[in-house]
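Undergrad: Prediction below, plus the sequence it came from.
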Amino acid sequence: MSGPDTAGIAERLGVAADTATAIPQLAAETGLDVDAAYGVQTALLQRRLDRGERLVGLKMGLTSKAKMAQVGVDEVIWGRLTDGMRVADGGSVDPAAYIHPRVEPEVAFLLDRLPEQGEPVGDFTDAVRAVAPAIELIDSRYANFTFSLPDVVADNTSAAAFVIGPWSPVPDGLENLGVLLEIDGRVAQVGSTAAILGDPRRALDEGIRLAGRHGVRLREGWVFLAGAPPPQSRCVPAPMSGPWSRSSVPRPSGRPRERRRVPRGGGEGRAAGGLPARQGRRRPCLRIGYVVAAAGQHLRGRHGGRVRDRVLGHPGADPGGDREHP
Amino acid sequence: MIDIEAAARELTVARHEEKPCPPLRGRLLPEGDVESAYQVQQVHTRQRLDKGHRRVGAKIGLTSRAVQESFGVYAPDFGVLFDDMAVPDGVEVAIDRLLQPRVEAEIAFVLGADLPDERVTTVDLLRAVDHVLPAIEIVDSRIAGWDISIVDTVADNASSGLFVLGTTPRRLADVDLRLCGMVLEHAGEPVSVGAGAACLGNPLHALQWLAATMARANDPLRAGDVVLSGALGPMVPVTPGAAYEARISGLGSVRACFSKDGGQ
């Protein structure tokens, strides 16, 4: 029997990522199922390893019912993180290097010793050394960010880049910490870590179990992105597409946002189809401070403030960007 | 078209006959005439006070940007809380007390001092708040199908129904009102999640708005008043027979339970 062409599919996805060019979905056409899709993901990882990147962690996807419903699938998925995908906290990313990037607030775990083979997954705190707020930049290689479950698994669960804020010891109340994603200093999404499987620790159990099925053992020192709490109903799931462009326009000082009567998503942000053109037009405006304050008093208290992850922005076009780093 | 009395009467009838009425806007109240809508609300308030009910505080609504944008209204609104709207934590509510209830998790401010000045500052608020409690507001609408605009909800006492307060008072110094996580669960499943910041960026902003608004109206907030901040996450339609538990990090938890059917 001949299965789907794993190497060929991985190559198409890899090239799509390298050239920031969307491709059509391919699972249906190639008969790819979820198991085989993880094989594609492994081949895709190998492409990165061949370039000298290192595997540094795992990410979970679709860890909330809302997210599952949003993409029309019904199970938790996982993908791989390499050092080449990591962006320094406060660093810059060129959006032109991606197809249709989106950012999501995440809870990151720094993994400690993990259960040996056959050892039960016991107390989570044994396996997690530290917790950090993080931002994941996702970028489906499929046109319109639409995909089936095998498609998204093969595409390394849309992983593109990630930023880790300062690590803290595991705080009390990790299962219900407020999560705020701010764009240009304005709150764009509000959620709680409770949305991640009821408790982000469960994502680790799932990760150990599901990755184990495919022979992948999590390791000490790895980063583990537990998932993104879904935003509130209105809040844009995709701050970097559509409405994002409007959010990125610096607000004239002193103009209260309550007076903005343009209905969200009804303005120019939605009309424009191609990101590159819009980026060009808005280049001077790409001064975006993506800030995740993942959470509550413990994380904040120990670090004396929020984490400012300036993921995006063109160096040199950011006169105010260093205010938080005196 | 403005008919304050008729609008108030329809709402009263809807309450008493447990049958929602059609929207008031465009019929008895002009679209966007918030001032008249508050006059309708005041008719209801006077009726309740005349019947001997006690005013125990206020609720703030329209505190989420999502809701404000859907209403095209970029300010909060408020309604009046009466003693008989308070339900003890976890005590079953007869579902037939309500027309089309929904629940949302909020922060309740309990004042220890009056807030008489319309030029109220954050410091005034911090000094005046005695403690905070987790709360579930059981909102309800006398307007059929929740087909409401700003004037409909304001006239209808800000779509208030009942409210449940937790019983673990916390000082403001001990909580982070902006970053506290909120999860509202039904049968162990989260049905609404959010955080303090979902309420105007910080629930204190909502309190500040209300304090200034009430002081300006010569009816300032008083020591002992309960103020419901506005929702920390999306509201959820109530299922008869269901129990909802809200947990707000740092504040504790509170439960709203509903009977399966009426006749209690």
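TA: Received it, and whenever you're ready, just let me know what you need.
Undergrad: dump the residue contacts of B:V236.
TA: For B:V236, the contact set (C-beta atoms under 8 Å, 6 or more residues apart in numbering or on different chains) comprises B:102-104, B:184, B:186, B:191-192, B:244. For the C-beta atoms, the positions are set from N, CA and C on the backbone; glycine is no exception.
Undergrad: Which positions in the stretch 151-264 of chain B make contact with chain A?
TA: By C-beta under 8 Å from any C-beta of the partner chain, the residues of the stretch 151-264 of chain B that approach chain A are B:175-176, B:178-183, B:188-190, B:193-198, B:201, B:233-234, B:247-250.
Undergrad: Buried subset of these as a PyMOL selection?
TA: PyMOL command restricting those to the buried ones, with burial defined by 16 or more other C-beta atoms under 10 Å in any protein chain shown:
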select buried, chain B and resi 175+176+178+179+180+181+182+183+190+193+194+195+196+197+198+201+233+234+247+248+249+250
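Undergrad: which stretches of chain B form helices?
TA: B:4-17, B:34-50, B:65-71, B:122-128, B:150-155, B:203-216 (DSSP state H).
Undergrad: among the ones you listed, where is the model least confident on average?
TA: If you rank the helices of chain B by mean pLDDT, helix B:65-71 sits at the bottom with a mean of 87.
Undergrad: do it and chain A meet at all?
TA: Yes. Looking at helix B:65-71 against chain A by C-beta under 8 Å from any C-beta, the contacts come from B:65-66, B:68-70.
Undergrad: other SSEs contacting that helix?
TA: If you count contacts as 3 or more C-beta pairs under 8 Å, 6 or more residues apart in numbering or on different chains; DSSP states H and E, helix B:65-71 packs onto no helix or strand.
Undergrad: re the thing from before, most neighbours of all the residues of helix B:65-71 next to chain A, which one?
TA: B:R65 (22 neighbours; other C-beta atoms under 10 Å in any protein chain shown).
Undergrad: measure it to B:E31 for me?
TA: 22 Å (C-beta to C-beta, to the nearest Å).
Undergrad: Pipe the contacts of B:V236 into a markdown table and attach neighbour count per row.
TA: Below are the contacts of B:V236 laid out as a markdown table (neighbours: other C-beta atoms under 10 Å in any protein chain shown):
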| residue | neighbour count |
| --- | --- |
| B:R102 | 19 |
| B:V103 | 28 |
| B:E104 | 25 |
| B:L184 | 28 |
| B:H186 | 17 |
| B:V191 | 19 |
| B:S192 | 25 |
| B:Y244 | 24 |
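Undergrad: quick one: which of the residues you listed is nearest B:S229?
TA: Proximity of the contacts of B:V236 to B:S229 (C-beta to C-beta) peaks at B:E104, which lies at 10.3 Å.
Undergrad: so what's A:A154 up against?
TA: Applying C-beta under 8 Å, 6+ apart, the residues near A:A154 are A:9-10, A:13, A:26-27, A:32, A:37-38, A:40-41, A:44.
Undergrad: Apart from its chain neighbours, what residue comes closest to B:L251?
TA: Excluding the flanking residues, the one nearest B:L251 by C-beta to C-beta, 6 or more residues apart in numbering or on different chains is B:P134, at 4.4 Å.
Undergrad: you'd agree the one you found is up against B:I248?
TA: Yes. With contacts counted by C-beta atoms under 8 Å, B:P134 reaches B:I248, the gap being 4.6 Å.
Undergrad: Spit out the residues that contact these two alike.
TA: Joint contacts of B:P134 and B:I248 (C-beta under 8 Å, 6+ apart) are B:105, B:107.
Undergrad: got the contact list for B:D225?
TA: Contact partners of B:D225, counting by C-beta under 8 Å, 6+ apart, are B:56-58, B:110-111.
Undergrad: Check the gap between A:F145 and B:P169 for me.
TA: Taking C-beta to C-beta, one finds A:F145 at 46 Å from B:P169.
Undergrad: could you dump stretch B:63-72 to CSV, C-alpha only?
TA: Written as CSV, here are the backbone C-alpha positions of stretch B:63-72 (Å, rounded to 0.1, in the frame of the first residue of the first chain):
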residue,chain,number,x,y,z
THR,B,63,-18.9,48.1,30.4
SER,B,64,-17.5,45.8,27.8
ARG,B,65,-16.2,47.3,24.5
ALA,B,66,-17.9,44.4,22.7
VAL,B,67,-21.3,45.4,24.0
GLN,B,68,-20.7,49.1,23.6
GLU,B,69,-19.8,48.6,20.0
SER,B,70,-22.8,46.4,19.4
PHE,B,71,-25.0,49.1,20.9
GLY,B,72,-23.1,52.0,19.3
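Undergrad: Just the buried ones out of the contacts of B:D225, please.
TA: B:56-58, B:110-111.
Undergrad: Most widely separated two among the residues you listed?
TA: So, these by C-beta to C-beta: farthest apart are B:A58 and B:V110, at 12.1 Å.
Undergrad: Okay, now stretch B:147-163: how far is its last residue from its first?
TA: Terminal residues of stretch B:147-163 lie 22 Å apart, using C-alpha to C-alpha, to the nearest Å.
Undergrad: let me fix that: stretch B:139-150
TA: Distance between the two ends of stretch B:139-150: 15 Å, counting by C-alpha to C-alpha.
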